[in-house]
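Student: give the three-dimensional model of this entry:
(chains A and B)
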Number of protein chains: 2
Amino acid sequence: MRLSKNFTRTTKQAPADEVARNAQLLIRAGFVFKTMAGVYSYTPLGLRVLENIKQIVREEMNAIGSQELIMSTLQRKELWQETGRWSDELVDVWFKSTLQDGTDVGFGWTHEEPIVELLRSYLKSYKDLPISVYQFQNKLRNELRAKSGIMRGREFIMKDMYSVHAAKEDLDAYYDQVIEAYKRCYDRFGIGDDTYVTFASGGAFTKFSHEFQTICEAGEDYIYLHRGKNIAVNEEVLDDAVKELGIKRNELEKVKTAEVGNIFNFGTQKSEEMNLVFTGSDGVQHYAYMGSYGIGITRVMGVIVEKFADEKGLIWPENIAPARVYLVQIGEKSRAAADELYETLGAQGVEVLYDERDERPGVKFADAELMGIPLRVTVSDRLLDGKKWEVAMRASGERQLLTTDELLATLK
Amino acid sequence: MRLSKNFTRTTKQAPADEVARNAQLLIRAGFVFKTMAGVYSYTPLGLRVLENIKQIVREEMNAIGSQELIMSTLQRKELWQETGRWSDELVDVWFKSTLQDGTDVGFGWTHEEPIVELLRSYLKSYKDLPISVYQFQNKLRNELRAKSGIMRGREFIMKDMYSVHAAKEDLDAYYDQVIEAYKRCYDRFGIGDDTYVTFASGGAFTKFSHEFQTICEAGEDYIYLHRGKNIAVNEEVLDDAVKELGIKRNELEKVKTAEVGNIFNFGTQKSEEMNLVFTGSDGVQHYAYMGSYGIGITRVMGVIVEKFADEKGLIWPENIAPARVYLVQIGEKSRAAADELYETLGAQGVEVLYDERDERPGVKFADAELMGIPLRVTVSDRLLDGKKWEVAMRASGERQLLTTDELLATLK
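Tutor: Now for the predicted structure:
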């Protein structure tokens, strides 16, 4: 994209009412626009990051046999009454409204009940199992406070996945597959090394559930980390975990983290509550085993901002950056060479933000850094004769002079 | 996709409370699931159709320089009070709720006001113009009645686009470009020949706006069509149009249609209401010119169902079908040949629904027809020796025997 065609603009200052660093930077860089506290719109630049994150998740969920669908936002009261979760005492984040005939409706804050309703209308036999489905859903939650920017909004995008199985062992095996698929997602996002599968409190059927926690100063959680054994435990289950996992309390390091995913083994609890049954090979009806698996897409974007940004602005890992190259053109004579490089990179499938604006070099360099594009390539009058362009890495600050061919080789 | 992995099932009967034929068929074929009146979830099969429609629209909007973004669902009261459209008297489809601190919020039923708020925060100079942005948004509308299936839901997906220009002539020229882009969309959906650019009532700035109306018995509208001059007029503006467009009332044919898109030239009306201004080349502040352009994505899907379906079920045009081939395997000996054809087609990038289920041939043929996949290919024991497969076109019923190579050539 030519930056002269980008309608957002960078600013030196964030809105006075925005306290979260991730939202401050994303707003300053023109990636998100604040609608109200905890509610953000995503501009073309921000949407590209979200779509890159979604595409990685989509590929990994498809690879473990899950199928994408999309549920409705509007929710029927009677359905949620089946599990008692229509209650505002039990669930304190409902947005509710009424149809014109007075019928109560809710707005989806999670989709376990709707997915069970959908699946029970189709499920008949053990031969239909396993089933795994997921969606990218715009969840609405009436959070009391909204001070974490896009890390905890009143409206946010969640990948929520649900799997149903005929036997406990099948669910357990799939649950382990999901753990591995999630690890691949965090690796591909660029936060794999700092993300830990963390023991958290379970439910009626399992002692533990699992969270994925990323070391992050802006996080809302703490985990207890055994670096030697690569075991992480959250605060709620610390005592139990120490007892059961063969680790000593004094070997654990307390670190601040942000939750970027969670997975939950329901056993047959949801199925019993909502009558999700199938006919087994024995001809008898059984309750299905169910797991639930979430990744907060917008939250991951926020955590990545918090983890990598520096005093100059955003720093995007390569796989999720809105472009791989920020091309700065300086001077008059070099315009044709810069145009040519822009075309050449585009033809090779390299996404480029091309800063051909009529702005001072200092403005362009500052915007390149604030927007956090992995590579900044400068084509200036001064570099024309040598035909080597200045290539700077946003994360390390490392610079080198490369010909077009050398640059293309780097980007392969 | 192997159909044994598809968790939805076809049924002979639709839910008793569903009166719209499009929803009845989509539910029976396992493409949508009804959450409540006017609210539907899309299963993996249904989602594929939606994504195909969206991708065509995305390509055509990008081709005229528009940029995709995504606005929030949650809406701030104060913003909509700027134009008076917070009022339930003026707008009778609002869903509203309150934050925990008592603040009123609305749920987006359209996004003109939010887009102006976003753009006015960035727009400074005539050099920033034109700007064109669009989104695929899950709109929520508290419709009094919901009897048209996915053609008019309480929750539906809309492509809404907004353009802003420095001068009236620029907006007018872009408006014409959008008309052409929309025509290309309807052509690619397979409804181009029956879709008419239709004069409809305008606003403060223009005598007419334009609707795109598709001839469809299940539609809610009527248009008056001059087939000779290829002019269509809706009922509201019939008298004016006859006066101004040089057509005679008695030359017009009244036909039933469904609206599949509309475009609107606001002139500077919205900008004046909401103070969307820019500094012109003359150094003076001016109100921006704005257009608004919608395509109902889920509605298009519904209209296509209504237009093409027959007594046996759905019929999808090729470009938006969830798969191009429905592969029926019959008998025992031909299983390997069918597996091989499935792999071969997949390797060529052809989407296939592979019916390898342990079902009677009659069940498979009936499902192929109900699901409406353009080509049905049968591999049976009987056809093994000749190595020619039966290829039936869903729309025409035409059948022929083709080798794998001949089939691949047909699919090119």
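
Student: residue of the stretch 101-250 of chain A with the smallest distance to chain B?
Tutor: Closest contact between the stretch 101-250 of chain A and chain B, by Cβ to the nearest Cβ, is at residue A:131 (4.5 Å). For every residue, glycine as well, the C-beta is placed using N, CA and C.

Student: burial count for that residue?
Tutor: Neighbourhood size, residue A:131 [other Cβ atoms under 10 Å in any protein chain shown]: 22.

Student: residue A:365: neighbour count?
Tutor: Residue A:365, neighbours per other Cβ under 10 Å, totals 18.

Student: contacting residues for it?
Tutor: Neighbouring residues of residue A:365 by Cβ atoms under 8 Å, 6 or more residues apart in numbering or on different chains: A:328, A:376.

Student: gap between it and residue A:140?
Tutor: To residue A:140, residue A:365 is 40 Å away according to Cβ to Cβ, to the nearest Å.

Student: could you do residue A:82 as well?
Tutor: Counting by Cβ to Cβ, the gap from residue A:82 to residue A:140 is 21 Å.

Student: same deal with residue A:272?
Tutor: Applying Cβ to Cβ, the value for residue A:272 to residue A:140 is 28 Å.

Student: low-confidence ranges in the stretch 1-150 of chain A?
Tutor: In the predicted model of the stretch 1-150 of chain A, no residue satisfies pLDDT under 70.

Student: need the three-state assignment for the residue of the stretch 251-400 of chain A found nearest chain B.
Tutor: Residue nearest to chain B within the stretch 251-400 of chain A: residue A:358 (8.5 Å; Cβ to the nearest Cβ). Secondary structure, DSSP: H, G, I helix; E, B strand; the rest coil: residue A:358 is coil.

Student: and the pLDDT for it?
Tutor: Per-residue pLDDT puts residue A:358 at 93.

Student: contact partners for it?
Tutor: With contact set as Cβ under 8 Å, 6+ apart, residue A:358 has no partners.

Student: before we move on, the earlier item: run through the bridge partners of the residue of the stretch 101-250 of chain A closest to chain B.
Tutor: In this entry, residue A:131 is beta-bridged to residue A:164, by DSSP bridges.

Student: pretty sure it sits against residue B:6.
Tutor: No: applying Cβ atoms under 8 Å as the test, residue A:131 and residue B:6 come out as separate, 9.6 Å apart.

Student: between residue A:82 and residue A:140, point out the one with more neighbours.
Tutor: A count of neighbours by other Cβ under 10 Å puts residue A:140 above the other of residue A:82 and residue A:140, at 25 against 14.

Student: for residue A:216, the count of nearby residues, please.
Tutor: For residue A:216, the count of nearby residues is 25 (other Cβ under 10 Å).

Student: how about the secondary structure of residue A:150?
Tutor: What three-state DSSP gives for residue A:150 is helix.

Student: can you pull the pLDDT of the residue nearest to it when sequence neighbours are not counted?
Tutor: In this structure, residue A:150 finds its nearest non-sequential neighbour in residue A:302, 4.1 Å apart by Cβ to Cβ, 6 or more residues apart in numbering or on different chains. At residue A:302, the model reports a pLDDT of 98.

Student: residue A:72 is in contact with residue A:107, correct?
Tutor: No: look at residue A:107 against residue A:72 with Cβ under 8 Å: they stay out of range, at 9.8 Å.

Student: confidence score at the residue lying closest to residue A:403 once chain neighbours are set aside?
Tutor: Using Cβ to Cβ, 6+ apart and skipping the chain neighbours, the partner closest in space to residue A:403 is residue A:388 (5.5 Å). The model reports residue A:388 with a pLDDT of 97.

Student: ok, residue A:388 - contacts?
Tutor: Applying Cβ under 8 Å, 6+ apart, the residues near residue A:388 are A:401-403, A:406.

Student: same check on residue A:287?
Tutor: Residue A:287 sits in contact with A:268, A:271-272, A:276-277, where contact means Cβ under 8 Å, 6+ apart.

Student: so which of these is surrounded by the most neighbours?
Tutor: The residue in those with the most neighbours, by other Cβ under 10 Å, is residue A:271 (22 neighbours).

Student: just checking, which helix or strand succeeds the one helix or strand it maps to along the chain?
Tutor: If you go by DSSP states H and E, residue A:271 is part of helix A:269-274. For helix A:269-274, the succeeding helix or strand toward the C-terminus, using DSSP H and E, is strand A:277-279.

Student: relative to the whole chain's centre, how far out is that next one?
Tutor: Here strand A:277-279 is found 35 Å from its chain centre; the criterion is Cα atoms, centre = their mean, to the nearest Å.

Student: again with stretch A:231-243
Tutor: So, by Cα atoms, centre = their mean, the centroid of stretch A:231-243 is 25 Å from its chain's centroid.

Student: in it, which residues are buried?
Tutor: A:231-234, A:237-238, A:241-242 (16 or more other Cβ atoms under 10 Å in any protein chain shown).

Student: in helices only, show me these.
Tutor: Among the buried residues of stretch A:231-243, DSSP state H puts A:238, A:241-242 in helices.

Student: out of the residues you listed, who's nearest residue B:381?
Tutor: Residue B:381 has its nearest neighbour among those in residue A:241, at 58.6 Å by Cβ to Cβ.

Student: now that closest one: closest residue in space that isn't a chain neighbour?
Tutor: Among residues not flanking residue A:241 along the chain, residue A:233 sits closest, at 4.1 Å (Cβ to Cβ, 6+ apart).

Student: so the one you found makes contact with residue A:224?
Tutor: Yes: with contact defined as Cβ under 8 Å, residue A:233 counts as touching residue A:224 (4.7 Å).

Student: count of residues packed around residue A:81?
Tutor: Neighbour tally, residue A:81, other Cβ under 10 Å: 12.

Student: one more: residue A:390?
Tutor: By other Cβ under 10 Å, 17 other residues sit near residue A:390.

Student: show me the helices in chain A, by range?
Tutor: According to DSSP H, chain A carries its helices in the segments A:21-28, A:44-63, A:77-81, A:112-122, A:168-189, A:238-244, A:269-274, A:297-308, A:335-347, A:361-371, A:404-411.

Student: looking at those, which is buried most?
Tutor: Most buried of the helices of chain A, by mean neighbour count (mean count of other Cβ atoms under 10 Å in any protein chain shown): helix A:297-308, with a mean of 25.

Student: thanks a lot, see you next time.
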